[in-house]
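J.: Give the three-dimensional model of this entry:
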Amino acid sequence: MRIVFLGNNWVAWQALRWLKAQGELIVGLVVHPPHKQRYGEELLSTVAGDATKCFDGSRLREPGTIAAIRDLQVEMAVSVSFGYRLDPSFLALFPRGVINLHAGYLPYNRGTHPNIWSIVEGTPAGATLHYVDAGIDTGDIIAQRAIPVEPTDTGETLYRKLERVCMELLMATWPSIRDGTAPRHPQPSGGTAHQRRDVERIDEIAPERRYTARELIDILRARTFPPYPGAYLRHGGQKISLRLSAAKEDHPAPWLQPTIDIGCRRIGAGYPTYIVAEISANHNQDFELAVKLLQAAKAAGADAVKLQTYTPETMTIPCHREPFQIKGTLWDGQTLYDLYRRAYTPWEWHPKLKAVANEMGLDLFSTAFDATAVDFLESLGVPVHKVASFEMVDLALLAKMALTGKPVILSTGMATFQEIAEAVQTVRGVGATTQVALLKCTSAYPALPEEMNLRAIPHLTEQFQVPVGLSDHTLGTSVALAAVALGACMVEKHLTLSRSVATPDAAFSLEPDEFKAMVKGVREVERALGEVRYGVSRGETQSQVFRRSLFVVRGMKAGEVFSERNVRSIRPGYGLHPRYLKDVLGRQARCDIAGGTPFAWKLVDPAGAEAASPEEPSAKRVT
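T.: Here you go, the predicted model:
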């Protein structure tokens, strides 16, 4: 589909990149003018090299801009967090309409800062895909997803939830939008709307004004979004910023739960699991085979591919003495030098493979094994640095990675708790980056499931307050799925085209169909985890009628006494709730009743019914 894309924030950047990865043709990009851009450079770089025309969002009403967009022969426009109101002359350019991804649950919180108002006013929170009309967020709704607002949410944590649900909604709904089968419903009446000045109105906390405790707490919660300024007091002619910090005893506040950013992906609790295909030595020193592995990773649903950057000389020395002989592993009979000479990835491949991966929408990064590899990877512009389990004790190497300012991922195979703490402290102590992630790992090849100790994943998360994932060397996919259920936000797994190809790591790698099945399983686990929620789900709605309820099971005459012989709790659920059976027994029928009649209070003699709660069941559900 030929699309014009409009956007200005991180979600917009992520959505643009995702749409490109789906094969959509982005023929036009509209961004805010430079002084108002937030993710303008990232959006522009996403379409760099394409035949995409770029436009200034502040000039969309100009005849020249309208004519230039008309010449693109566009079908649809997609807007994500775009800050300019769209003129009817612009809307008329798109035969399939203009849709907007709004971080609010319409009709509530139209306009700006929906995350703030869901906290301050208690309105529903969520994401909405809707058509754009002449109003502000008033067009017909395509799809929506609601999310809960927890008492501990702040403006920041709710915003992060909304980022996630926005992308989930877009990805789930886009196929029906593309094929023209998406529903279209008018917005319900009512709702709320806000402008920027409404936020300014609540920001100043005036000591002379009366606030309830709830009002004050909710304002402070809503406006806590460091490092941005929020609520404040005036004192001595200055603004004194106010933020809320709340936590359960011995546990940090939820909004301090960290994330890391790799490319345009945010990784951490509440975001989709980041799945990394480890290429390692499975290219078998064949560049074309390495490219095929990248293609297989993309087809299987991986988010990234990972290489290993070393040479035999940076790993060891060519020596046949006993300490350098490999014993007790898959690689018995080789020296370390011989193994690494066979397994390493030629450095001249790295930029070529990175270009191939990025063209397919995959992130590419690598494990650096020494300082020269870090420098080399920095020259390629990798988005993150990875530390292997065996190098986690090389604190100088960790510090060098941290000095780049890029996120650092640490595998923890063989490490004691104290060694992990030392490594994390080393990275954080450099001060160049606070983005650290850990991967639970067992450095055996293959690793046994009973030696994985996956319960360490939530413990590491709690102890170090970093995102924690899994580097998995077990056979099969069950361990990876279990890890995601325990909170792993990243899964790294080796990929080979075929285990029949004799490469150093093939024996404990997944083949493409297996990797694809793992990705599918991870996504199913994510959906199954859901949220803490009780009550009837959407899929259970039709099942409610099959719950038990009270029925008259034998014909009765007026005045006859209700007993266990003629009133029972049975299926279906059209009668009175079974909790009232004890209140019914011993009373008298008001009229003749046929067997198979759903029990209701109107069947009870009025004198007997007055003593009980006069609850009438719905014909559609058990009350």
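J.: quick check: longest helix of the protein.
T.: helix 155-178 (DSSP state H).
J.: and the gap between Ala589 and Pro606?
T.: Ala589 sits 12 Å away from Pro606, going by C-beta to C-beta, to the nearest Å. From N, CA and C alone the C-beta is placed, and that goes for glycine too.
J.: quick one: which of the two has more around it?
T.: Ala589 (20 against 9; other C-beta atoms under 10 Å).
J.: mind listing what's buried in the longest helix of the chain?
T.: The neighbour-count check on helix 155-178 (16 or more other C-beta atoms under 10 Å) flags 155-170, 173-174, 177-178 as buried.
J.: How about stretch 199-215?
T.: Those would be Val199, Ile202, Asp203, Ile205, for stretch 199-215 by 16+ other C-beta under 10 Å.
J.: cool, and stretch 524-539?
T.: Residues Val525 are the ones in stretch 524-539 that count as buried (16+ other C-beta under 10 Å).
J.: ok, now stretch 53-67?
T.: Across stretch 53-67, burial judged by 16+ other C-beta under 10 Å covers Lys53, Phe55, Gly57, Ser58, Leu60, Thr65, Ile66.
J.: give the contact list for the fourth one.
T.: Applying C-beta atoms under 8 Å, 6 or more residues apart in numbering, one finds that Ser58 lies in contact with His32, Pro33, Lys36, Tyr84.
J.: Return the item of these having minimum pLDDT.
T.: Note: of those, the lowest pLDDT belongs to Lys36, at 85.
J.: follow-up on the earlier one: may I see the buried residues of stretch 53-67 organised as TSV, with pLDDT and secondary structure added?
T.: As requested, these are arranged in TSV below (pLDDT from 0 to 100; DSSP: H, G, I helix; E, B strand; the rest coil):
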residue	pLDDT	secondary structure
Lys53	91	strand
Phe55	93	strand
Gly57	91	helix
Ser58	92	helix
Leu60	92	coil
Thr65	94	helix
Ile66	94	helix
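J.: out of those, who's nearest Ala402?
T.: Ala402 lies nearest to Gly57 out of these, by C-beta to C-beta, at 37.6 Å.
J.: would you list every one of the helices in the stretch 251-400 of the chain?
T.: Along the stretch 251-400 of the chain, the stretches classed as helices by DSSP state H, counting those that start in this stretch are 287-300, 312-315, 336-343, 349-359, 371-380, 395-403.
J.: Could you give the average pLDDT over the longest helix of the chain?
T.: Per-residue pLDDT values over helix 155-178 give a mean of 91.
J.: helix or strand right after it?
T.: Next helix or strand after helix 155-178 toward the C-terminus (DSSP states H and E): strand 193-194.
J.: so what strands line up beside that following strand?
T.: Using DSSP bridges, strand 193-194 pairs in its sheet with strand 110-111 (parallel).
J.: quick one: contacts of the strand it pairs with?
T.: If you take C-beta under 8 Å, 6+ apart as the criterion, strand 110-111 is touched by His102, Gly104, Ile136, Asp137, Thr138, Gly191, Thr192, Ala193, His194, Gln195.
J.: One more pass at 10 Å, please.
T.: Strand 110-111 is contacted by residues 102, 104, 117, 128, 135-138, 187, 191-196, 198 when judged by C-beta atoms under 10 Å, 6 or more residues apart in numbering.
J.: Look up the closest residue to Leu129, ignoring the ones flanking it.
T.: Ile142 (4.3 Å; C-beta to C-beta, 6 or more residues apart in numbering).
J.: For the host helix or strand of the one you found, list every residue counted as buried.
T.: If you go by DSSP H and E, Ile142 is part of strand 141-147. Using 16+ other C-beta under 10 Å as the test for burial, strand 141-147 gives Ile141, Ile142, Ala143, Gln144, Arg145, Ile147.
J.: gap between the second one and Ile136?
T.: Same thing as Ile142. From Ile142 across to Ile136, the span is 17 Å (C-beta to C-beta).
J.: Tell me, how many residues neighbour the residue lying closest to Phe599 once chain neighbours are set aside?
T.: The shortest distance from Phe599 to any non-neighbouring residue, by C-beta to C-beta, 6+ apart, is to Leu550 (3.8 Å). A count of neighbours around Leu550, defined by other C-beta under 10 Å, yields 26.
J.: heads up, I number from 526, so please use that
T.: Will do, 526 is the new start, and the previous item becomes Leu1075.
J.: residue contacts, Leu1075?
T.: Counting by C-beta under 10 Å, 6+ apart, Leu1075 has contacts 1087, 1092-1095, 1098-1106, 1109, 1123-1125, 1128, 1142, 1147.
J.: Wasn't it part of a strand?
T.: Yes - counting by DSSP: H, G, I helix; E, B strand; the rest coil, Leu1075 is found in a strand.
J.: Would you mind measuring from it to Leu979?
T.: For Leu1075, the distance to Leu979 - C-beta to C-beta - is 47 Å.
J.: Next: Gly715.
T.: Separation of Gly715 from Leu979 (C-beta to C-beta) stands at 48 Å.
J.: With neighbour numbers in mind, choose between these two.
T.: Higher neighbour count among Gly715 and Leu979: Leu979, with 20 against 7, using other C-beta under 10 Å.
J.: for that one, helix, strand, or coil?
T.: Here Leu979 is coil, with the state taken from three-state DSSP.
J.: Was I right to think it contacts Val1016?
T.: No - using C-beta atoms under 10 Å, Leu979 makes no contact with Val1016, being 11.7 Å away.
J.: Quickly list what's touching both of those two.
T.: Here Leu979 and Val1016 have Leu995, Asp997, Val1004, Ala1005, Ala1008, Val1009 as joint contacts, going by C-beta under 10 Å, 6+ apart.
J.: Which ones among those map onto helices?
T.: Per DSSP H, the subset of these in helices is Val1004, Ala1005, Ala1008, Val1009.
J.: Is it possible to get a markdown table of those residues that adds neighbour count, distance to Met939 and pLDDT?
T.: Formatted as a markdown table, these follow (neighbours: other C-beta atoms under 10 Å; distance: C-beta to C-beta, whole Å; pLDDT from 0 to 100):
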| residue | neighbour count | distance to Met939 | pLDDT |
| --- | --- | --- | --- |
| Val1004 | 21 | 18 | 98 |
| Ala1005 | 27 | 20 | 98 |
| Ala1008 | 26 | 18 | 97 |
| Val1009 | 26 | 23 | 97 |
